[in-house]
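Novice: what follows is a predicted structure for the sequence shown.
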Amino acid sequence: MTMFSNPEARGGILEPAGIVEIKFRLADQLKAMHRIDPQLQMLDAELEACDDTDDSAAIKDQIAAREELLKPVYLQAATEFADLHDKTGRMKAKGVIKDAVPWAESRKYFFYLAKRRIPLN
């Protein structure tokens, strides 16, 4: 069976927000934040070097505030990333579809495809 798709079509397995909830949970988002964000890396280093419990509590509060500030940004980036995996270009790259055929040209495309394949059978 050969599959084709409109260039604006989607695979539609799950909504991007649903994929993010399953594949990129909050714990994974927090790990990514601490891995990527230089300010969180600096705060983590300060926390490790800190001996005083009062200072460590203040640093933990700063870390929590920074994480809350970054959560919407990371959620939006993850949602966009998940959305890109549902589009025609990615489906073609994975071999799920053979080609992207614009709706306006589909009749002509499939006519010539059938015209070419009928004599082969």
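Specialist: Sure thing, it's come through.
Novice: element containing G89?
Specialist: Assigned by DSSP states H and E, G89 belongs to helix 88-93.
Novice: list the contacts of G89.
Specialist: A100 (CB atoms under 8 Å, 6 or more residues apart in numbering). Every C-beta, even on glycine, is put in place using the N, C-alpha and C of the backbone.
Novice: and the strands in this structure, which stretches?
Specialist: Secondary structure of the chain (DSSP state E): strands at 4-5, 99-100.
Novice: verify the stated contact: R10 with R90.
Specialist: No - contact between R10 and R90 fails when scored by CB atoms under 8 Å: they sit 10.1 Å apart.
Novice: and among the strands of the chain, the most buried is which?
Specialist: Of all the strands of the chain, strand 4-5 carries the top mean neighbour count, a mean of 18, counting by mean count of other CB atoms under 10 Å.
Novice: give me the mean pLDDT for that one.
Specialist: Averaged across strand 4-5, pLDDT comes to 89.
Novice: now do stretch 68-83
Specialist: For stretch 68-83, the mean per-residue pLDDT is 92.
Novice: check the gap between T53 and K60 for me.
Specialist: The gap separating T53 from K60 is 10 Å, by CB to CB, to the nearest Å.
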